[in-house]
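**Q** Model the following, please.
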Amino acid sequence: MLGPIYLVPRQQAPLWMRAATFVGGIGLGLLIAFGILIAYGVSAGQVINEFIVFVFLDLNGLAQVVTASTPLVLVGLAAAAALKLRFWNIGVEGQMWLGCIGATGVALFDIGPDFLRLPLMFIAAAAAGACWIGIPAFLKLRFRVNEIITSLLLTYVAYQLVQHLLFGPWHDPGSAFPNSRHYDEGIERLARLGWGSSHTGIWIALGCGALLWFTMARSRLGFYMDAIGANVEAARAAGVPVVLTTAFAAAMSGGLAGVAGAGLAAGQEYRMTLFIAGGYTFSGIVIAFIGRFRPVPVIITAFVVGGVYTAGDTLKVFYQLPAAITTLIEAVILFTFVVVEFFSRYRLSWGVRGAGLMAADFVQNWLATTPGFATPYLLAALGLIINERAGVLNLGCEGMMLVGAMTGAVVSFHTGLAGAGVPVAMLAGALVGLVFGIAVVVFRTDQVLTGLIIVALGDGLTGVVGRPYMFEKVTGFRDLDFGVLSDIPWIGPIVFQQDILVYAAAALAIAVWWGLDRSNAGLRLRAVGEDPATADVAGVNVQLFRITAVMLGGALCGIAGAYLSLASSFVWTEHMVAGRGWIVIALVIFSGWRPGRAVIGALIFGGAEALIPRVQAIGLDVPIYIVGMLPYVLTLAVLIVPTILRGERSPAPSGLLLNYLRQDRR
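**A** Here you go, the predicted model:
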């Protein structure tokens, strides 16, 4: 008989295996994408015709693939150049915009002689993109400011600048649309290849790929990039110029993105338009990851993604599929590639215990920790369901959870009693809910804006008040022991070895379900959320019900936050909610505002989060930040996939976001 299953790291995967996982990951992703399209109503024959025959076997289709792939090659190389050093350039689109601005400025002002105009446009584009990424690079290297946020925010700044130019000084007076004037033919445009819409920009893209390959594979700079990407501290200790190398790699990344923007303007649009660079950041990251940050695989992947783009455009036009279908297919391909690529680094083995962690132990430990990770999601989701079934959208969940986490930890620290922290956290959350409720119900402030303000207030308040208590160990809740029941294989650890708040959350889910669906108060609350004017006519105090609902929701969010500090980490740290409040908002939408489905959704999200420490514990060589993406990627999936596959309409309460006062009634 076979023994237990182990995960054994491979010392070095052979070339054929790396190639097989590369092809297999993309192929499996495309196969799943075919299944999605067939489920959406496209026949198998139509899928094969669009994805294989037209895209790769038809000359016109191939020409479209080459055209679509030209900017994708450049943005993939741009992302790879930065990600190679773990520099997260999320502002590729912003750098493309700046490249487009630089190229258009040279064209509009006729800078340089005619025969040099086009080269000058691309030089200006590369310089503009490099300068734009220089801002987040400088902030990271000098002040350690996170480049993810700064590069992303600068994308919006760049887009605002484009709007200013196209609606203002660069607007073509002969056009009713926000465009610049057309580039001069023969001087400022990339020449056509005589094959469909393909143009000489493809040679620029491939040339950039060759230069980046030489830089990474044959130069000292490439050696430095490898060293920094493997371990930045070890590289610094070995004398590698980390700051200079990172700055140069970031400049290459921004410059390549700028060239991509110029190529779109000079090769396809022949002018700067308002939407020329939209949607390329995600594609660039997908291409870079699948290509493993190596120029040659990146170029190959870009052509595959270009084929997906081309087929997706055809499907949108002829089969009336939503534009998001292309993004979904890209995400599926990336996910399957990451999964399949795992087997090029690990192998399954059957043998003596000790070579690795048994799969059965891994699964049991994961399932046993899932309820604890799911509990804060469930508690906060129940609170938001109460809020939103009353017609109030609560985007302040993150702030309320932070307040609950901090107050619960502080009270437990001073009293030495975990049980004392929970009611205080509940009260604190309810008070924040009262402030939020008075603002949106009585003073009729915008619910979305007010919710965001609550998040900022909660973040700032807990950061100031809770600073003296940061990293102070607090008395928390421990797992209960049910004797012989706790020793039952599998069932015992999963069901009978949880802390008391896990069981309380399950009981609260039943209580909220009964309260909303079976009680008179719940009927009135739902009436307020569906049609406040009709409920008012029936004698229901709309304002009182809404404020009460928001306070109850805030109280549950406070308990959810307290769980993080009193039952999960046993310590208070700033920003410890870490985006869970936003995931809860998606969970409520996924649940259809029903407590039963919220339990299932919380277990799904909790299970995803529970995987993170388990993966690290068994020593899998997966970057921590990649694993940490799982809950957020899952959040996007549960929001997007049901809508795309089923065209499902949101079951949100009809009165959600509707501010109501009696004088509004007609």
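**Q** And the residue nearest to Glu185 when sequence neighbours are not counted, how far from Ile111?
**A** In space, Glu185 comes closest to Tyr270 once its chain neighbours are excluded; the distance is 7.9 Å by C-beta to C-beta, 6 or more residues apart in numbering. Any C-beta I mention is one placed from the backbone N, CA and C, and that applies to glycine too. Using C-beta to C-beta, to the nearest Å, we find Tyr270 at a distance of 18 Å from Ile111.
**Q** Among the two, which residue is more densely surrounded?
**A** Neighbour totals were compared for Tyr270 and Ile111, and Tyr270 leads with 19 against 13 (other C-beta atoms under 10 Å).
**Q** Give the phi and psi angles for the more buried one, as a check.
**A** phi 60, psi 20 (degrees, to the nearest 10).
**Q** Check what pLDDT it gets.
**A** Looking at Tyr270, its pLDDT stands at 95.
**Q** do Ala277 as well
**A** 85.
**Q** what do you get for Arg347?
**A** So Arg347 comes in at 65 (pLDDT).
**Q** same check, this time on Arg614
**A** Reported pLDDT for Arg614: 68.
**Q** and Gly29, how many neighbours?
**A** 25.
**Q** Verify the stated contact: it with Val304.
**A** No - between Gly29 and Val304 there is no contact under C-beta atoms under 8 Å: 9.6 Å.
**Q** I'd guessed Phe122 sits against Ala103; true?
**A** Yes - between Phe122 and Ala103 a contact is recorded at 6.7 Å, counting by C-beta under 8 Å.
**Q** Pull up the overlap in contacts between the two.
**A** Common neighbours of Phe122 and Ala103 (criterion: C-beta atoms under 8 Å, 6 or more residues apart in numbering): 262, 266.
**Q** With neighbour numbers in mind, choose between the two.
**A** Relative neighbour count places Ala103 above the other of Phe122 and Ala103, with 31 against 22, counting by other C-beta under 10 Å.
**Q** For the more buried one, list the residues it contacts.
**A** Ala103 touches 121-122, 124-125, 261-262, 265-266, 272, counting by C-beta under 8 Å, 6+ apart.
**Q** Quick one: low-confidence residue ranges for the stretch 551-666 of the chain.
**A** Low-confidence segments of the stretch 551-666 of the chain (pLDDT under 70): 614-650, 661-666.
**Q** mind listing the strands for it?
**A** Counting by DSSP state E, counting those that start in this stretch, one finds no strands in the stretch 551-666 of the chain.
**Q** what's the answer for the stretch 301-450 of the chain, then?
**A** Using DSSP E, counting those that start in this stretch, strands in the stretch 301-450 of the chain cover 346-350.
**Q** Please enumerate the helices of it.
**A** Secondary structure of the stretch 301-450 of the chain by DSSP state H, counting those that start in this stretch: the helices cover 324-341, 359-389, 397-415, 418-437, 447-465.
**Q** Give the other helices and strands that the last one contacts.
**A** Right, the one you point to is helix 447-465. Counting contacts by 3 or more C-beta pairs under 8 Å, 6 or more residues apart in numbering; DSSP states H and E, helix 447-465 packs against helix 397-415, helix 418-437.
**Q** nearest to Val145, of the ones you listed?
**A** helix 397-415 (21.1 Å; C-beta to C-beta).
**Q** For the closest one, give the mean pLDDT please.
**A** Helix 397-415 comes out at a mean pLDDT of 92.
**Q** how close does Ala130 get to Ser654?
**A** Plainly put, Ala130 is 51 Å away from Ser654 if you go by C-beta to C-beta.
**Q** What of Val403?
**A** Taking C-beta to C-beta, one finds Val403 at 31 Å from Ser654.
**Q** between the two, who's got more neighbours?
**A** More crowded of Val403 and Ser654, by other C-beta under 10 Å: Val403, with 30 against 11.
**Q** Spit out the contact partners of the more buried one.
**A** Residues counted as contacts of Val403 (C-beta under 8 Å, 6+ apart) are 425, 428-429, 432, 458, 461-462, 558, 561.
**Q** how about 7 Å then?
**A** Going by C-beta atoms under 7 Å, 6 or more residues apart in numbering, Val403 touches 428-429, 432, 458, 461-462, 558, 561.
**Q** Pull out the buried residues from the residues you listed.
**A** Among the contacts of Val403, those classed as buried by neighbour count (16 or more other C-beta atoms under 10 Å) are 428-429, 432, 458, 462, 558, 561.
**Q** Low-confidence bits of this structure, can you list those?
**A** 1-13, 322-328, 330-331, 334-335, 338-339, 341-360, 614-650, 661-666.
**Q** hmm, try it at 50
**A** Applying pLDDT under 50 to the chain picks out residues 1-5, 351-357, 625, 645-646, 648.
**Q** show me the contacts for Leu152.
**A** With contacts defined as C-beta under 7 Å, 6+ apart, Leu152 is in contact with 90-91.
**Q** Can you tell me how far it is from Met17?
**A** Here Leu152 is placed at a distance of 36 Å from Met17 (C-beta to C-beta).
**Q** ditto for Ile123
**A** For Ile123 relative to Met17 (C-beta to C-beta), the value is 42 Å.
**Q** neighbour count winner among those two?
**A** Ile123 (19 against 16).
**Q** quick one, what contacts the residue located most distally from the centre of the chain?
**A** The outermost residue of the chain relative to its centre, with distances by C-alpha atoms, centre = their mean, is Pro113 at 45.6 Å. When contacts are counted by C-beta under 7 Å, 6+ apart, Pro113 touches no other residue.
**Q** Use 77 as the first number from now on
**A** All right, first residue 77 from here; so that's Pro189.
**Q** Could you pull out the buried residues of stretch 538-555?
**A** So stretch 538-555, judged by 16+ other C-beta under 10 Å, has buried residues 538, 542, 545, 550-553, 555.
**Q** which outside residues touch that stretch?
**A** Stretch 538-555 has contacts (C-beta under 7 Å, 6+ apart) with 478-479, 482, 485-486, 488-489, 492-494, 573-577, 641-643, 646-650.
**Q** Just the buried ones from the residues you listed?
**A** 478-479, 482, 485-486, 488-489, 494, 573-575, 577, 641-643, 646-650.
**Q** Quick check: the gap between the closest residue to Ala310 other than its chain neighbours and Ala501.
**A** Nearest non-adjacent residue to Ala310, counting by C-beta to C-beta, 6+ apart: Ala303, 7.4 Å away. The gap separating Ala303 from Ala501 is 46 Å, by C-beta to C-beta.
**Q** Between those two, point out the one with more neighbours.
**A** Legend: neighbour count by other C-beta under 10 Å for Ala303 and Ala501, higher for Ala501 (32 against 19).
**Q** Val524 and Val468 touch, don't they?
**A** No - using C-beta atoms under 7 Å, Val524 is not in contact with Val468, being 11.1 Å away.
**Q** out of the two, which sits in the busier spot?
**A** Neighbour comparison, Val524 and Val468: the larger count goes to Val468, with 31 against 12 (by other C-beta under 10 Å).
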